[in-house]
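In: just the structure for this:
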Amino acid sequence: MITVIAGTNRTNSRARRIADLYLKLLRAQGAECQLLDLALLPANVSVSALYHNTGSDEDFNKLAALAAAADKLVLVVPEYNCSYPGVLKTFIDGLPYPGGIRGKKAALVGLSSGGQGGLLALSHLSDVLMYLGTTVMPARVRLPFIDKHLSEAGELTHPLYQQLLQEQVQQLLLF
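Out: Numbering: from 1, shown residues only. Below is the predicted model:
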């Protein structure tokens with residue numbers, strides 16, 4: 001099972017549109033896959049699902065179960081202030097430790113409105129994932145200037161971006 005994570009809780013996010021596109025690419029290859037959308041996290045997740053409340057928030061637990069069911073993860077990560085969204089870190093922090101995503105394999109897709117395509121966000125997230133025992137696939141896709149190349153309907157208009165995602169899907173299936 002491959003779980004694709006839309007790495008922000010922002011509604012109608014570009015990350016969600018890219019996650020949906022990624023799911024289509026995986027399904028076209030016959031892969032078993034599912035979406036984990038952080039927009040479904042409870043609004044009070046930092047209080048209801050962390051620290052002494054770990055495991056007690058049913059809405060959080062449903063999303064955590066999607067990550068737990070996966071052999072492989074795809075994290076679609078927008079760049080927020082030279083890093084990844086705090087809600088993604090909160091989600092990761094709410095997972096069981098040790099455990100959670102330990103031993104899983106992960107592919108990363110970064111996107112940004114600027115020219116680096118989430119480079120710093122992916123670097124920061126890679127460090128966290130590796131610390132947690134998640135193997136990060138070397139081929140990380142970066143999608144800079146995403147606003148210019150992603151339609152409201154979730155279609156990528158840049159042929160290179162389409163190619164990069166397709167190549168990563170192929171590598172992920174063999175990873």
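In: from now on I want contacts and neighbour counts done on CA atoms only, so please keep to that.
Out: Fine.
In: give the buried residues for the helix or strand bottoming out on mean pLDDT in the chain.
Out: Within the chain, judged by mean pLDDT, DSSP states H and E, the helix or strand with the poorest mean is helix 45-48; its value is a mean of 77. Neighbour-count burial for helix 45-48 flags Val45, Ser46, Ser48 (criterion: 16 or more other CA atoms under 10 Å).
In: which helix or strand lies directly C-terminal to that helix?
Out: helix 58-68 (DSSP states H and E).
In: what mean pLDDT does that following helix get?
Out: Per-residue pLDDT over helix 58-68 has a mean of 89.
In: run the chain-centre distance for that helix.
Out: 14 Å (CA atoms, centre = their mean, to the nearest Å).
In: pull the CA atoms of it into CSV?
Out: Output of helix 58-68 as CSV, limited to C-alpha atoms (Å, rounded to 0.1, in the frame of the first residue of the first chain):
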residue,chain,number,x,y,z
GLU,A,58,-10.3,9.4,17.0
ASP,A,59,-10.1,11.8,14.0
PHE,A,60,-6.3,12.0,14.3
ASN,A,61,-6.2,8.2,14.8
LYS,A,62,-8.0,7.6,11.5
LEU,A,63,-5.4,9.6,9.6
ALA,A,64,-2.5,8.0,11.6
ALA,A,65,-3.9,4.5,10.6
LEU,A,66,-3.6,5.5,6.9
ALA,A,67,0.1,6.2,7.5
ALA,A,68,0.5,3.0,9.5
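In: dump the C-alpha coordinates for the least confident helix or strand of the chain into CSV.
Out: The C-alpha trace of helix 45-48 is given here as CSV (Å, rounded to 0.1, in the frame of the first residue of the first chain):
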residue,chain,number,x,y,z
VAL,A,45,-4.8,18.6,16.9
SER,A,46,-1.9,20.2,18.8
VAL,A,47,-3.9,19.8,22.0
SER,A,48,-6.1,16.8,21.3
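In: and the pLDDT for the residue sitting furthest away from the middle of the chain?
Out: Centroid-distance maximum for the chain: His52 at 25.8 Å, with CA atoms, centre = their mean. On the pLDDT scale, His52 is placed at 75.
In: the residue nearest the centre of the chain: what secondary structure?
Out: Nearest residue to the geometric centre of the chain (CA atoms, centre = their mean): Leu75, 1.9 Å. Put simply, Leu75 is strand when judged by DSSP: H, G, I helix; E, B strand; the rest coil.
In: do I have it right that it meets Val109?
Out: Yes: using CA atoms under 8 Å, Leu75 is in contact with Val109, at 6.1 Å.
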